[in-house]
Every structure is written in structure tokens, then in C-alpha cells.
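Trainee: Fold the stuff below for me.
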Amino acid sequence: MTHVNITSRKLFLILFSLVLPIVIKAEQKGLEEQLRKVIANKKAQIGIAVIINSKDTITINNDARYPMMSVFKFHQALAVADYLQRHALTLETEIPISPSDLKPNTYSPLRDRYPDGNVTLTVGDLLTYTLQQSDNNACDILFDYIGGTDVADSYIRSLGFDRFEIVATEDDMHRDTGLCYRNWTSPLDAAGLLDCFLTDSLFDEASRNFIRNTMISCRTGQDRLVAPLLGTGAVVGHKTGTGDRDGDGRMIGLNDIGFVLLPNEHYYTIAVFVTGAKKEDAEIARILSDVSDLVYRYAVKRGCLR
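Mentor: This next block holds a predicted model:
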């Protein structure tokens, strides 16, 4: 009798292992269809990429080039951490800030706090400004520090990503909004870079934890990817990007990328980019929120299947 029970259990496990991939594939197809419904008829170019547990991948409209806007400050943060490691420096390394570093007419809590400049801040301080508050002046100070946008672009490419480009600073884009389209990415490269950051030892643990925790405490775009996850127990780290309007009143880019750590130890990365929309910012943000909600519900269900 015991032998029969063991044999039956083995048979069940074999059948389950064969059926589970089919169930997951069907669920994944269902999520893709739901996401397409959410973004249908929105009169904008919308790209989505999701990577669940570093395995299952869903992309929608991934072939287009999406202006990153301040999303590229995540890419920059990784390049800064790599620069520090290569030069045997730490996040406590100090950088002097001169009055000329604090450009007017751009979003900069750093400038608001130190309007006269002539202050010294650490690399960690500046990364907090860029990742947590999306400070444009802090971003360009860090670009100057590591050697320019080419350094950031080259570092990300060294990780195996090539469907993106970083060529313009925040000041460049402020002077010529056309350059916003030169800093672009595919949604999958953005989600993939987040997954790489989460799972690979790219640089020292101190910098990795700092970037991770600073993204978790990000203050911008609380009505986007984060909104439907509040109160769920999920931990969300993200980086937003928001552009100006073009001459026709269309949004150059309103984006959010992030990682989501679920209480059951499952995780996923997500990237949502919207360009060309004439809707109000809040309406566009609602699209990102709706996408985030669907993906979260799917990921939770997937966790139950494994």
C-alpha cells in the first residue's frame, strides 16, 4: 500500500511538472492581453516590459525608442558606483559644488537648498538628490565627476545592453528639448538592467545597498507604479522620468521603472514608458498605475503556483 502511495505521488509530481509550464504560459498570455487592453486607444506610444523572477518576460511595443527622461539617472547611478569601485573611492568621497554648477530654470532641490553654491557634498549626497528627488543639477555634477555621458553609456553597454543610448545631460536637454529623444531605451533593456542590478554583484555591497534603498525611498511619481502597491507589503524601488511637452502639446515622456520585492520572496522588474500623449499628466500616470496593478496581481498569483 505504501509503495502504491509513493508511486502515485511521483506520478502526480511528474504530471504537475509537465502541466505547470503550460498553465504559466497561458497565464502569461492572459496578462499580455489584459495589458494590451489597458493601453488600447490611448493615442500615445506605450511600451511595457516585465521580468518575473529573472525568468518569465513579457514585452509590449518593445521595438520603439522611448525617451528616458530622468529614468537615465538610474543608469547613471550604476555608472557612478562602478567609477567609485574602479578608483577605490567610497560614497563618502566629497565633491565641491560651485555657483556655476547650480543652473537656474531647472528642477533642483539642491539649488533651492544651497542657492549660492560654494558647498561640498558627498557622492552619496548627490545620488540621494538624483535618485530620490530627481535633481537635474546633481545629475550633471555627477556626469562631470565621472567623465561625461559617454562613461555611463559605455558602462551600461559593458553589461550586455545595447537597446538604449545616453548622449545628453540634463542641461543639454534643457537647452534643446529635441535632445530628449536622443536619450532613449527599449522597455526590455530598462527592465533587464534593473534585474541585472538586483541579481548580479556589479560593484561593492555598500553602493548596491545604497542605490537599492534610495530607490525604495524615491519621492517622485507616487501616482505611477507605486500607487496600487501601497499597503500590499510589497517593497518597491523605482525611478521616474517626466519630460516637457512638444510643440503640439504632446508629452515627450512620462515613465517609471522599478523593482518589486514580494513578501513571498518572489520579485519582478517593470518598465513602462509613455510618449506622445496629449492627456494631462495625471491621466497618463493612471495608465502606469493600471499596468502596475495588473502585473502585481499576476505576480502574486504566479507565486502561488510555484
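Trainee: For this protein, just list every one of the strands.
Mentor: Ranges of strands in the chain, per DSSP state E, are 45-52, 56-60, 66-67, 94-97, 119-122, 164-165, 184-185, 235-242, 254-261, 267-275.
Trainee: Could you give the number of residues near the residue nearest to residue 166 when sequence neighbours are not counted?
Mentor: Spatial nearest neighbour of residue 166, chain neighbours left out: residue 153 (4.3 Å); criterion: Cβ to Cβ, 6 or more residues apart in numbering. Where C-beta positions appear, they are placed from N, C-alpha and C, glycine not excepted. A count of neighbours around residue 153, defined by other Cβ atoms under 10 Å, yields 19.
Trainee: cool, residue 194 as well?
Mentor: There are 25 residues near residue 194, going by other Cβ under 10 Å.
Trainee: wait, what's in contact with it?
Mentor: Residues counted as contacts of residue 194 (Cβ atoms under 8 Å, 6 or more residues apart in numbering) are 51, 74, 257, 258, 259, 269, 271.
Trainee: repeat for residue 135
Mentor: So residue 135 contacts 107, 108, 109, 110, 126, 129 (Cβ under 8 Å, 6+ apart).
Trainee: now with 7 Å?
Mentor: Residue 135 is in contact with 107, 108, 109, 110, 129, counting by Cβ atoms under 7 Å, 6 or more residues apart in numbering.
Trainee: Might one say that the fourth one is in contact with residue 137?
Mentor: Yes - when contacts are counted by Cβ atoms under 7 Å, residue 110 is listed as touching residue 137 (5.3 Å).
Trainee: who touches both of the two?
Mentor: residue 102.
Trainee: Now do residue 195 against residue 267, distance only.
Mentor: Between residue 195 and residue 267 the computed distance is 9 Å (Cβ to Cβ, to the nearest Å).
Trainee: Any idea what the residue nearest to the spatial centre of the chain is bridged to?
Mentor: Among the residues of the chain, residue 257 comes closest to the average C-alpha position under Cα atoms, centre = their mean, at 2.6 Å. The partner list for residue 257 in beta bridges (DSSP bridges) reads residue 239, residue 271.
Trainee: Can you tell me the closest non-neighbouring residue to residue 299?
Mentor: In space, residue 299 comes closest to residue 268 once its chain neighbours are excluded; the distance is 5.1 Å by Cβ to Cβ, 6+ apart.
Trainee: Could you double-check that residue 277 lies in contact with residue 287?
Mentor: No - here residue 277 lies out of contact with residue 287, judged by Cβ under 7 Å, at a distance of 8.2 Å.
Trainee: Now for these two: what residues contact both?
Mentor: Both residue 277 and residue 287 are in contact with residue 42, where contact means Cβ under 7 Å, 6+ apart.
Trainee: since we're on the nearest residue to residue 165 once chain neighbours are set aside, how many residues are nearby?
Mentor: Across the structure, with Cβ to Cβ, 6+ apart as the measure, the residue nearest residue 165 apart from its sequence neighbours is residue 184 (5.6 Å). Counted with other Cβ under 10 Å, the neighbours of residue 184 add up to 21.
Trainee: Give the full set of residues in contact with residue 184.
Mentor: Contacts for residue 184 (Cβ under 7 Å, 6+ apart) come out as 65, 66, 67, 68, 164, 165.
Trainee: now the residues you listed as CSV including pLDDT?
Mentor: Output for the contacts of residue 184, formatted as CSV (pLDDT from 0 to 100):
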residue, pLDDT
65, 98
66, 98
67, 98
68, 98
164, 98
165, 98
